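Engineer: Need a 3D model of the sequence below.
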Amino acid sequence: MDLSSIANTINYKYQSTSSKIQFGGIFSGLDTASIIDALLSKEVERAEVLNTKYKKLDLKQKAYQELDDKLESFMSFLSTFKLQSTLLAKKVSTDSQILSVSANASSINGTYYIKTLSTATNSSLVSGRTIGPDNIDGSTTFGTLNYRYVAQDSQLRIQKGSTTQTISISTSDTINDIISKLETVFGSGNVTFTQGKLKIDSNEAFAIRETSGTFMRVFNLSDAPITQNGSTYSIQSTAHVGAISTSKSLSEIASYRGLSVSSGELKINDVSISFTDSTTLKQLIDAINKSAAGVTARYDENSDKIILTSTSTGSNTISVEDNGTGLSQLLGLDIGTFNVGSSAHIQVSNDGVNWTDLYSSSNTFSYSGLTITVKDLSTSTQVVNVTNDTDAIVEQIKEFVNQWNEVMKYMRTKLTESAVTGKEESEMTDEERMQGILKNDSLLRRIFEKMRSFITTSVSGDVKYLWELGITTGSYGYQNMISGALEIDEDKLRAKLTENPEAVWAFFGSTDTSTQGLAQQLQQYIRDLTKIGGQIDSVVGLNGSLNREKRVLAQQLTDWIKRIQKKEQDLWTKFSAMEEAVAKMQSMSTYLSNISTKSSS
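Structural biologist: Got it, this is the predicted structure:
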């Protein structure tokens with residue numbers, strides 16, 4: 001006999017007696033297993049009845065949990081539906097490309113005029129000197145200019161006008177040597193080196209192609225444009241030749257200028273950023289940007305300077321302390337140029353005559369329920385119109401009706417549906433097993449009838465009933481009233497929203513204790529149903545009535561399984577003893593038969 005399916009229902013650890021080897025009827029010829037099953041059938045039937053009850057309670061618990069989930073979902077919708085921002089939604093229209101404007105429920109409908117006078121800017125701190133060496137002169141050899149790129153012997157193809165010439169440059173050449181070589185193409189005095197930058201002038205259009213080496217990169221000419229001023233064509237280094245690579249370590253950079261830097265902490269706006277002398281400039285910049293210092297650091301390749309910019313606009317400080325490590329001097333921040341950020345300034349008017357000045361450390365302003373964000377400046381006045389967003393409000397109320405009908409239909413179906421027939425339980429889905437489990441359930445009926453009563457609830461205010469908003473049980477009035485279904489007359493709703501939108505919101509969302517809105521009342525009722533310790537929890541919760549019944553049934557089933565197992569084992573013991581007796585008798589009979597045969601012979 002196998003009771004495992006019953007045991008599994010209550011998670012009882014069960015080992016079937018039938019799984020043990022039993023030798024019944026070997027000598028007697030009886031079908032011992034079938035006889036024992038027949039003798040135990042009444043006890044098994046009783047256990048099956050208890051097992052069925054337990055499964056039904058389990059399904060009922062799942063069905064109530066499903067109801068609880070649907071009610072909580074509706075309650076979640078109500079929590080935002082009832083708000084003024086939903087039911088008094090505003091629509092902003094403007095042709096402005098330099099403003100973005102939103103309006104909340106408290107904003108007043110009408111036309112607003114806006115002048116943008118200034119936008120907010122960020123504070124910044126810029127290195128007061130270049131980071132790389134700035135004392136490079138004509139006697140410096142090309143091969144030593146390894147600050148950003150590694151100098152290599154180079155060959156240039158220079159086309160000037162219709163002629164092309166080749167210039168070879170060696171790492172042993174000084175800058176003066178290089179100037180002399182270039183002057184053979186461009187003429188004396190047309191190649192100069194000033195403040196670390198190489199400049200070439202020509203009376204003809206020209207182009208330079210680097211066929212080998214790194215000359216153009218070392219002198220920062222690779223991306224430099226050739227410009228024309230009158231009849232003169234020119235190219236100039238985009239950065240001085242001492243400009244460094246951010247992959248260089250701080251100690252390397254310091255050595256270029258004869259400075260020293262030690263490991264420690266850099267404090268920006270009192271936020272500490274740790275570094276060592278082997279930290280690269282890029283790693284330092286990344287550490288600053290990941291910190292909470294409120295600044296963004298970047299290296300300007302053309303100016304060879306560090307720029308710290310506050311992450312927020314307005315008059316923010318950018319204080320820097322290197323705690324004696326020498327880092328501020330190395331980065332030129334000890335003599336840095338500080339530019340304080342400014343506030344944004346706009347003027348707003350309701351009539352185009354009287355103006356209100358507004359200032360903001362960001363580019364966002366608040367004014368009479370409006371949120372105004374300035375994207376750019378304009379000399380022309382921007383015009384903004386604010387109206388009720390009737391379309392959005394109608395859609396929200398339609399969604400309220402849809403969700404209401406979904407919940408009511410669900411409860412009505414559960415109250416009236418019958419159990420699935422003509423199918424084995426093992427063939428059913430979970431949904432099919434739960435079908436009919438809450439049919440005519442008393443608690444579900446009370447919840448359904450209470451919810452349905454809200455259809456005719458009166459609310460104090462200019463709008464008192466749902467039907468005044470065009471929300472009724474519709475053309476199938478009585479039948480819809482029985483099922484709790486609602487229909488909506490959109491034209492009537494729109495008319496009421498145009499006439500008195502505040503009254504529509506108050507009907508649903510008023511929080512006045514004496515005149516609570518319908519959505520407020522609904523939400524409170526559902527909260528009382530679904531909360532811990534609420535009506536549904538008292539049935540399906542951990543200590544709810546269903547769990548209590550299940551615990552009692554589980555104990556009864558455990559006792560019955562033990563009882564059946566004990567009785568089954570006793571019966572097997574008795575039948576085994578009988579088989580043993582039959583075996584002895586058969587043996588004795590055979591023995592006597594053998595003696596008789598010998599005597600007669």
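
Engineer: Looks like residue 138 contacts residue 179 (just checking).
Structural biologist: Yes. Counting by C-beta atoms under 8 Å, residue 138 touches residue 179, with 7.1 Å between them. For every residue, glycine as well, the C-beta is placed using N, CA and C.

Engineer: Now do the shared contacts for the two.
Structural biologist: Common contacts of residue 138 and residue 179, defined by C-beta atoms under 8 Å, 6 or more residues apart in numbering, comprise residue 193.

Engineer: which one of those two has more residues nearby?
Structural biologist: For residue 138 versus residue 179, neighbours defined as other C-beta atoms under 10 Å are more numerous around residue 179 (20 against 11).

Engineer: doesn't the more buried one fall inside a strand?
Structural biologist: No. Applying DSSP: H, G, I helix; E, B strand; the rest coil, one finds residue 179 to be helix, outside a strand.

Engineer: Check the spacing between the nearest residue to it once chain neighbours are set aside and residue 585 real quick.
Structural biologist: Nearest non-adjacent residue to residue 179, counting by C-beta to C-beta, 6 or more residues apart in numbering: residue 191, 4.7 Å away. As for residue 191, its distance to residue 585 is 131 Å (criterion: C-beta to C-beta, to the nearest Å).

Engineer: Please apply the same query to residue 502.
Structural biologist: Distance of residue 502 to residue 585, given as C-beta to C-beta: 102 Å.

Engineer: Looking only at neighbour counts, state which of the two leads.
Structural biologist: Applying other C-beta under 10 Å to residue 502 and residue 585 shows that residue 502 carries more neighbours, namely 15 against 11.

Engineer: which other helices and strands contact the helix or strand where residue 252 lies?
Structural biologist: Here residue 252 sits within helix 250-256, counting by DSSP states H and E. Helix 250-256 sits against helix 281-290, helix 327-331, with contacts defined as 3 or more C-beta pairs under 8 Å, 6 or more residues apart in numbering; DSSP states H and E.

Engineer: Make sure residue 459 is actually in contact with residue 517.
Structural biologist: Yes. A contact is recorded between residue 459 and residue 517 when judged using C-beta under 8 Å, the distance being 6.2 Å.

Engineer: quick one: what helix or strand has the spatially most central residue of the chain in it?
Structural biologist: Central residue of the chain (C-alpha atoms, centre = their mean): residue 76, 18.9 Å from the mean position. Take DSSP H and E as the rule and residue 76 turns out to sit in helix 32-81.

Engineer: any shared contact partners between residue 459 and residue 517?
Structural biologist: Counting by C-beta under 8 Å, 6+ apart, the residues touching both residue 459 and residue 517 are 506-507, 510.

Engineer: and these, which are buried?
Structural biologist: Neighbour-count burial (16 or more other C-beta atoms under 10 Å) is assigned, among these, to 506-507, 510.

Engineer: that older thread, which of the shared contacts of residue 459 and residue 517 fall within helices?
Structural biologist: 506-507 (DSSP state H).

Engineer: a markdown table please, covering the shared contacts of residue 459 and residue 517 and showing distance to residue 169 and pLDDT.
Structural biologist: Formatted as a markdown table, those follow (distance: C-beta to C-beta, whole Å; pLDDT from 0 to 100):
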| residue | distance to residue 169 | pLDDT |
| --- | --- | --- |
| 506 | 85 | 94 |
| 507 | 86 | 95 |
| 510 | 85 | 91 |
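
Engineer: can you put the shared contacts of residue 459 and residue 517 in JSON lines and add distance to residue 283?
Structural biologist: Listed next are the shared contacts of residue 459 and residue 517 as JSON lines, based on distance: C-beta to C-beta, whole Å:
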{"residue": "506", "distance to residue 283": "61"}
{"residue": "507", "distance to residue 283": "62"}
{"residue": "510", "distance to residue 283": "59"}
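
Engineer: Residue 202 contacts residue 229, doesn't it?
Structural biologist: No. Counting by C-beta under 8 Å, residue 202 does not reach residue 229; the two are 11.3 Å apart.

Engineer: circling back: which one of the helices and strands packed on helix 250-256 is the most hemmed in?
Structural biologist: Most buried of the helices and strands packed on helix 250-256, by mean neighbour count (mean count of other C-beta atoms under 10 Å): helix 327-331, with a mean of 23.

Engineer: how about residue 302, secondary structure?
Structural biologist: Here residue 302 is recorded as coil under three-state DSSP.

Engineer: In terms of helices and strands, where is residue 485?
Structural biologist: Under DSSP H and E, no helix or strand contains residue 485.

Engineer: How about the one 10 residues further on?
Structural biologist: When secondary structure is defined using DSSP H and E, the element that contains residue 495 is helix 490-499.

Engineer: which strands and helices sit next to that helix?
Structural biologist: Contacts defined by 3+ C-beta pairs under 8 Å, 6+ apart place helix 490-499 against helix 390-416, helix 501-509.

Engineer: relative to helix 501-509, how tilted is that helix?
Structural biologist: 110 degrees (axes from the mean of the first three to the mean of the last three C-alpha atoms, to 10 degrees).

Engineer: Show the secondary-structure elements that the helix or strand containing residue 526 is packed against.
Structural biologist: Element membership for residue 526, per DSSP H and E: helix 518-530. Here helix 518-530 touches helix 32-81, helix 442-453, helix 501-509, going by 3+ C-beta pairs under 8 Å, 6+ apart.

Engineer: And the next helix or strand past the first one?
Structural biologist: Past helix 32-81, further along toward the C-terminus, the next helix or strand under DSSP H and E is helix 84-87.

Engineer: helices or strands next to that following helix in the packing?
Structural biologist: In terms of contacts (3+ C-beta pairs under 8 Å, 6+ apart), helix 84-87 is packed against helix 390-416, helix 501-509.

Engineer: care to break this protein down by domain?
Structural biologist: Domains of the chain are assigned by automatic domain parsing as 1-89+389-576, 90-120+345-387, 142-236, 250-339.

Engineer: The third one spans what distance, first to last residue?
Structural biologist: So the one you mean is domain 142-236. 17 Å (C-alpha to C-alpha, to the nearest Å).

Engineer: before we move on, what about the last one?
Structural biologist: For domain 250-339, the first and last residues are 26 Å from each other (C-alpha to C-alpha).

Engineer: which of the residues in stretch 317-329 are buried?
Structural biologist: 318, 320-322, 325-329.

Engineer: so which two of the residues you listed are the farthest from each other?
Structural biologist: Maximum pairwise distance in those, criterion C-beta to C-beta, is 19.5 Å, between 318 and 326.

Engineer: How far does stretch 515-522 sit from its chain's centre?
Structural biologist: Distance of stretch 515-522 from the chain centroid (C-alpha atoms, centre = their mean, to the nearest Å) equals 32 Å.

Engineer: Alpha carbons only: can I get it in PDB?
Structural biologist: The C-alpha atoms that make up stretch 515-522 are tabulated as PDB, following Å, rounded to 0.1, in the frame of the first residue of the first chain:
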ATOM      1  CA  THR A 515     -15.500  64.700   3.000                       C
ATOM      2  CA  GLN A 516     -13.100  62.000   2.000                       C
ATOM      3  CA  GLY A 517     -13.000  61.400  -1.700                       C
ATOM      4  CA  LEU A 518     -14.300  58.100  -3.200                       C
ATOM      5  CA  ALA A 519     -10.800  56.900  -4.200                       C
ATOM      6  CA  GLN A 520      -9.500  57.800  -0.700                       C
ATOM      7  CA  GLN A 521     -12.400  55.700   0.800                       C
ATOM      8  CA  LEU A 522     -11.700  52.800  -1.500                       C
END
